[in-house]
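K.L.:
Provided below are the primary sequence and the corresponding predicted coordinates.
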Amino acid sequence: MILRFLIAFMAMHGLTSTWAQPKQETSGADLIVHNAKIFTGNPAQPEASALAVKHGRIYSVGSDAQMLELKGAGTRVIDSRGRRLIPGIIDAHTHVLNESGFNYTVRWDGVPTLRRALEMLNEQAKRTPEGHWVKVIGGWSPYQFEENRFPSMDELRNAVPNRPFIVQYAYNRAFMNQQAMDAFGVGTSRFPELPGTEFEKDAQGRYTGVVHGHTFTFIAMETMVPQPSFDDEVSSLIHTIHGLNRFGITSAIDAGNRGYPKLQANLAVLARDNRLNVRMPFVDMQFGDGTPMNMVEAQIRAITRTAPISPGHNLHANLAHGHVYRGAGEVLCLDVHDHENFDRPAVIIEPERMRQLVEKDVARLVQRRIPFRLHISYDENITPFLDALEKLNEKTPLQGLRWSIEHAETISSANIARVKRLGGGIALDTKMALHGDGFIKTHGRDKALLTPRLRELMDSGIPLAMTTDAFRAASYNPWVGISWMVTGRAVSGTEVLAKDNRLSRAEALDLFTRRPAWFMNAESEMGLIAPGHLADFVLLDRDYFTVPESQIKSVSSVLTVMDGRVVFGTQDYGRLSPALPEILPGWSPIKHFGGYYGAR
């Protein structure tokens with residue numbers, strides 16, 4: 001009798017609760033993608049043919065029949081037509097916010113011949129208005145051209161006869177005409193004295209127009225050319241991100257810009273209108289106002305006083321990992337930056353300076369639990385950094401704090417093990433794909449074949465990612481680097497990775513999908529096609545896993561989905577692609593050539 005009473009009471013209570021609940025939302029998926037060859041990256045379910053998305057997350061993965069059963073009245077259904085689908089690409093070290101002048105730049109990324117590159121300059125010179133420059137700023141390599149060489153100064157002057165121009169190769173050298181040198185004040189007190197900067201002269205002592213330098217030479221020069229308006233900066237950001245989406249990039253960690261919070265205002269415009277089409281956590285650098293300053297002290301001041309935020313703070317109200325502050329770096333002190341100019345010998349930092357950096361500055365970040373990243377290219381500099389960091393760890397434990405060495409091209413086996421013991425990560429980059437030929441000329445082929453130690457790093461279990469380090473040092477196209485990791489060949493065709501130092505196609509892709517999630521503190525919800533993970537994925541224009549190796553560098557997206565919404569579409573999916581605003585200014589090279597060769 002009591003049991004029947006309890007059952008009746010519970011049934012009535014359940015009915016009452018049902019009446020009290022708000023109206024349930026419509027059942028069914030928001031989006032179903034089917035008829036695909038899905039590489040999930042999930043060892044528990046490595047392959048599938050369909051997936052379903054709800055509220056920006058993947059909630060089911062399986063067969064076409066299973067997923068289509070989840071279709072509701074409002075479900076968008078996309079037929080993949082048998083294409084390969086992969087997780088969204090995560091670029092764990094790039095510099096999107098520094099590309100505020102993207103729309104002012106002729107991009108030579110992917111241009112196959114020097115002849116065509118010069119034609120592009122000539123065409124742009126005719127449309128660039130007076131008062132502006134014709135610029136090529138990074139992302140290319142002379143070794144990508146069929147001619148396998150740099151342009152000559154005569155060729156450049158003939159291409160751009162009536163405007164100042166600058167053509168910058170990575171952070172290694174730049175070419176400019178007399179108009180540009182006059183505007184800069186080259187040879188006068190107006191041009192800043194920058195360490196490592198060398199202007200070439202001919203036999204008569206006249207400047208040739210070629211300048212060699214380090215990173216900060218070219219950063220300073222970029223501030224001395226005509227600057228874009230705020231509207232042009234926002235337009236540049238929109239079209240930079242569109243370029244990333246074209247290659248399947250759905251997350252890009254901005255690894256250091258010109259100082260929070262200035263450039264965040266551009267991104268806030270996109271975030272406000274829910275038009276930020278890539279997740280963009282950021283690591284911040286502070287360059288100050290030109291007066292003597294400590295970069296770490298300036299960083300702490302910026303995030304505690306100027307515009308207070310803390311590590312993990314998301315400045316985007318609606319997008320998970322949308323614009324999260326992830327700490328300080330990649331430069332923490334100008335004096336210990338070892339650059340990565342492969343045309344010159346390695347820059348070796350005085351070990352005492354590394355010790356001071358760690359004891360004085362890194363220690364302050366660790367005490368405040370601010371994550372940090374440090375650009376170190378050469379093993380000779382990694383060793384004293386780790387010496388000091390191990391001592392700091394004894395006094396102030398690093399445990400639980402995510403930190404990493406960025407680039408680490410020549411890191412040794414011993415130092416890989418030391419980074420792992422300290423709980424750090426390593427963010428490699430794909431510069432050897434573009435500049436490996438230069439590395440061989442400077443450091444020798446034997447060293448190049450082990451730069452970096454890909455196989456050993458992959459097998460070490462250390463938190464690891466491959467990155468582009470775009471847009472100056474290398475191209476923002478990750479497939480160029482993926483091709484290099486798999487084939488061992490640079491864009492010139494030169495072998496630059498030993499056969500036993502290469503990766504399988506799945507491993508190379510893993511370094512741009514699952515593994516970079518660690519650097520976003522998001523490994524439990526990003527990098528896989530799996531239930532509960534964020535709905536970031538890409539349909540490719542060809543099957544990466546089966547095409548000839550020679551085609552890997554040409555892979556791109558036909559459909560990019562980020563946060564469950566289509567952010568890029570072409571070919572069969574062009575009608576799904578969100579409309580882009582007009583490119584500003586009207587004479588922009590991006591409007592006429594696109595941001596990557598053949599992509600407009």
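P.N.:
Structure received.

K.L.:
okay, now the residue nearest to Ile249 when sequence neighbours are not counted: neighbour count?
P.N.:
Closest residue in space to Ile249, ignoring its immediate chain neighbours: Ile89 at 4.7 Å, by Cβ to Cβ, 6 or more residues apart in numbering. C-betas here are computed from N, CA, C, even on glycine. Other residues lying near Ile89 total 27 when counted by other Cβ atoms under 10 Å.

K.L.:
ok, now which ones touch Ala599?
P.N.:
Shown here is Ala599, whose contacts under the criterion Cβ atoms under 8 Å, 6 or more residues apart in numbering are Gly243, Arg246, Ser556.

K.L.:
go again using 7 Å as the cut-off
P.N.:
Applying Cβ atoms under 7 Å, 6 or more residues apart in numbering to Ala599 gives the contacts Arg246.

K.L.:
what does Phe216 give?
P.N.:
Leu194, Leu334.

K.L.:
which positions in whichever strand or helix holds it come out as buried?
P.N.:
Per DSSP states H and E, Phe216 falls inside helix 215-222. Going by neighbour count (16 or more other Cβ atoms under 10 Å), the buried part of helix 215-222 is Thr215, Phe216, Thr217, Phe218, Ile219, Met221, Glu222.

K.L.:
next: stretch 146-155.
P.N.:
For stretch 146-155, using 16+ other Cβ under 10 Å, the buried residues are Phe150, Pro151, Met153.

K.L.:
isn't Gly101 right up against Ser235?
P.N.:
No. Gly101 is not in contact with Ser235 according to Cβ atoms under 7 Å; the separation is 10.7 Å.

K.L.:
the two: who's more crowded?
P.N.:
Ser235 (25 against 18).

K.L.:
tell me, how many neighbours does the nearest residue to the more buried one once chain neighbours are set aside end up with?
P.N.:
Distance criterion Cβ to Cβ, 6+ apart; nearest residue to Ser235, sequence neighbours excluded, is Leu584 at 4.0 Å. Using other Cβ under 10 Å, Leu584 is surrounded by 20 other residues.

K.L.:
distance check, Leu584 against Leu576.
P.N.:
25 Å (Cβ to Cβ, to the nearest Å).

K.L.:
surely Glu340 and His407 touch.
P.N.:
Yes. Assessed by Cβ under 7 Å, Glu340 is found in contact with His407 at 6.1 Å.

K.L.:
overlap in contacts of these two?
P.N.:
Counting by Cβ under 7 Å, 6+ apart, the common neighbours of Glu340 and His407 are Ser377.

K.L.:
got phi/psi on Tyr260?
P.N.:
With angles defined as degrees, to the nearest 10, Tyr260 sits at phi -60, psi 140.

K.L.:
and for the one 10 residues further on?
P.N.:
Taking degrees, to the nearest 10, you get phi -70, psi -40 for the backbone angles of Leu270.

K.L.:
ok, and the closest non-adjacent residue to it?
P.N.:
The nearest residue in space to Leu270 (Cβ to Cβ, 6+ apart) is Leu276, at 4.3 Å.

K.L.:
burial measure for the one you found, as a count.
P.N.:
24.

K.L.:
that one touches Leu319, doesn't it?
P.N.:
Yes. Counting by Cβ under 7 Å, Leu276 touches Leu319, with 6.2 Å between them.

K.L.:
what packs against the helix or strand following the helix holding Phe216?
P.N.:
Where DSSP H and E defines the elements, the next helix or strand beyond helix 215-222 is helix 230-246. When contacts are defined as 3 or more Cβ pairs under 7 Å, 6 or more residues apart in numbering; DSSP states H and E, helix 230-246 packs onto helix 264-272, strand 557-562, strand 565-569.

K.L.:
how about helix 230-246: buried residues?
P.N.:
Buried-residue list, helix 230-246, by 16+ other Cβ under 10 Å: 232-246.

K.L.:
can I get the CA coordinates of it in PDB?
P.N.:
Coordinates of each C-alpha in helix 230-246 appear next as PDB, following Å, rounded to 0.1, in the frame of the first residue of the first chain:
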ATOM      1  CA  PHE A 230      40.900  52.500 -38.400                       C
ATOM      2  CA  ASP A 231      38.400  51.400 -41.000                       C
ATOM      3  CA  ASP A 232      41.100  50.100 -43.200                       C
ATOM      4  CA  GLU A 233      42.600  48.200 -40.200                       C
ATOM      5  CA  VAL A 234      39.300  46.500 -39.500                       C
ATOM      6  CA  SER A 235      38.900  45.600 -43.100                       C
ATOM      7  CA  SER A 236      42.400  44.200 -43.100                       C
ATOM      8  CA  LEU A 237      41.500  42.000 -40.100                       C
ATOM      9  CA  ILE A 238      38.400  40.700 -41.700                       C
ATOM     10  CA  HIS A 239      40.200  39.700 -44.900                       C
ATOM     11  CA  THR A 240      43.200  38.300 -43.100                       C
ATOM     12  CA  ILE A 241      40.900  36.000 -41.200                       C
ATOM     13  CA  HIS A 242      39.100  35.100 -44.400                       C
ATOM     14  CA  GLY A 243      42.500  34.000 -45.800                       C
ATOM     15  CA  LEU A 244      43.100  31.800 -42.800                       C
ATOM     16  CA  ASN A 245      39.600  30.200 -43.200                       C
ATOM     17  CA  ARG A 246      40.400  29.400 -46.800                       C
END
